Structure formats: C-alpha cells, structure tokens
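Chemist: Next come a sequence and a model predicted from it.
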Amino acid sequence: MDKLTILGLVLGVSGIMAGQLLEGGGLSIMFQGAAFLIVFGGTLGAVLVQCPTKVFVTAIKMGRWVFVTPTMHSREFARQLAEWSVLARKEGILALDARIPTISDPFLARGMRLLVDGNSAEKIREVLDVDIHAWEQSRWQAARVWEAAAGYSPTIGIIGAILGLMQVMQNLGEPSRLGAGIAVAFVATIYGVAFANLVFLPIANKLKSIITQQVEVREMIVDGLVGIASGDNPRLIEIKLQGYFD
C-alpha cells in the first residue's frame with residue numbers, strides 16, 4: 001500500500017473541510033448527492049464516449065497502481081543478468097536455456113528465449129524495443145483516460161452549477177426551496193474542481209511516473225541481454241546495469 005497516496009488524499013480533503021469550518025460554514029452542506037451524481041456520472045459518460053473499451057478497462061485496472069505500486073524487481077533483474085553473463089562466458093549461451101523456466105517476468109523470459117535461440121544482439125534489441133514501445137503506448141493511452149477525466153470534471157461541475165441555478169430561478173416564489181438549489185449549484189462546482197485536482201489528475205501523473213519507471217527496467221533488461229549476446233565482459237555488463245540505479 002502506497003502510504004503517500006493515502007496521506008495526500010487525506011490531507012487534501014481535510015484541508016478543504018478545515019477551510020470550510022474556519023470560514024464558519026458547516027460540513028453537511030458539502031455532501032450533496034445530486035451534485036455528486038451530476039459530476040461523477042457526467043464525467044464518466046464523457047470518458048466512455050472518448051475512449052475505446054479496451055483502453056478504458058486498462059485504465060481502471062491501472063488505477064490500483066496508485067495505491068499498490070507494481071513491484072519492479074529491477075535490482076534483482078540486474079543481479080540475475082550479471083550472473084547469467086558470467087555463466088554464458090564460461091559455458092556458452094546455450095547454458096542459459098535451463099534458466100528460462102525459472103523466470104517469472106514475461107518480458108525477461110521472452111528476451112532470454114531470443115538470446116538462447118541464437119539471435120544477434122541487433123535482432124534482440126529490435127524485437128524487444130518493439131515490445132517496449134507497444135507496451136508503453138498502451139499504458140500511456142490508459143493514463144490519459146484519467147487525464148481526460150480531469151479535463152471534463154470541472155466543466156461538468158459548471159453544468160451542475162447551471163442546473164442548480166435553474167432550479168433556484170424556477171422556485172423564486174418558494175424561499176424554502178432556494179437553499180437546496182443554491183447548494184447544489186456551488187457544491188457541484190466544488191466537486192468538479194476537487195475531483196479533477198485531487199483525484200483524476202494526480203492519478204494520471206502518478207501512473208505516468210510508474211510507466212516511465214517500468215520502461216526503464218525493460219530498457220535495462222534489453223541492455224543486459226544485448227551485452228550477453230555481444231559477448232561483452234561480465235564486469236562491463238554489471239557496471240552498465242548498475243548505472244540505472246545511480
């Protein structure tokens with residue numbers, strides 16, 4: 001569990017609530033079901049219209065990364081690649097074939113198969129670079145779904161404000177009903193801006209950061225496998241891989 005994410009959300013919401021209290025307002029007025037439905041439902045609808053089903057589903061699945069960041073295993077991969085380079089130097093690349101069943105990471109396993117099959121360093125890099133590019137583009141599209149939600153949310157909040165004001169105008173002769181309409185009007189705007197800046201946009205940016213880190217891990221794997229295929233000195237490969245952590 002990413003404690004920083006939880007802390008950020010708690011601080012953000014608490015700051016808004018504390019500010020409301022310091023201004024002399026009550027907290028109950030901040031909870032308006034109609035305003036929430038307008039903003040959340042409208043934003044969700046706009047996002048669904050914009051993106052393909054596959055991209056949307058991927059975006060929802062990736063949302064959990066903000067709270068439970070995927071384990072990178074980058075140092076473990078670097079250590080394994082360094083060990084495999086020594087083994088390949090001593091016994092030949094075919095000696096690595098027995099290591100493939102023990103590899104849990106699909107990308108690393110695919111690269112090892114390409115290496116053991118006798119492909120050149122250039123071919124290994126070419127194939128794996130295509131894999132990295134496709135994976136990265138797919139995840140970036142999913143991250144942009146959250147970014148799009150951050151763009152739509154404030155606008156939907158304004159729509160909610162207008163609807164609330166329309167209700168107010170229709171009930172000018174009934175003062176008892178004016179308060180509810182005004183509350184929905186302003187709270188909808190708050191919800192729209194708050195969702196965008198406290199939830200959707202931070203999630204999008206954090207996902208982009210995680211994607212960048214995962215791409216770097218894959219690039220490190222490619223460098224290690226290419227080094228082994230080229231017959232580079234194991235010590236040189238180890239030093240090159242350590243450069244990813246400096």
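Modeler: Thanks, I have the structure now.
Chemist: So what touches stretch 77-91?
Modeler: Counting contacts by C-beta atoms under 8 Å, 6 or more residues apart in numbering, the residues outside stretch 77-91 that touch it are 95-96, 99, 105, 108, 217, 220-221, 224-225, 227-228, 231-234, 237-238, 241-242, 244-245. (Each C-beta comes from the backbone N, C-alpha and C, glycine too.)
Chemist: can you rerun that using 7 Å?
Modeler: 95-96, 99, 108, 217, 220-221, 224, 227-228, 234, 237-238, 241-242 (C-beta atoms under 7 Å, 6 or more residues apart in numbering).
Chemist: Out of these, which is nearest to G26?
Modeler: V217 (49.2 Å; C-beta to C-beta).
Chemist: show me the contacts for that closest one.
Modeler: Neighbours of V217 in contact, by C-beta under 7 Å, 6+ apart: M72, S74, F77.
Chemist: Just these: which are in helices?
Modeler: Members of these lying in helices (criterion: DSSP state H): S74, F77.
Chemist: What pLDDT does the model give F31?
Modeler: Among the per-residue scores, F31 holds a pLDDT of 82.
Chemist: What's the local residue count around it?
Modeler: The criterion is other C-beta atoms under 10 Å. On that basis, F31 has 10 neighbouring residues.
Chemist: now do S138
Modeler: The local packing count at S138 equals 13, with neighbours defined by other C-beta under 10 Å.
Chemist: how near is it to G26?
Modeler: As defined by C-beta to C-beta, to the nearest Å, S138 lies at a distance of 46 Å from G26.
Chemist: The chain - how does it break down into domains?
Modeler: Domain assignment of the chain by automatic domain parsing yields the ranges 1-30, 32-246.
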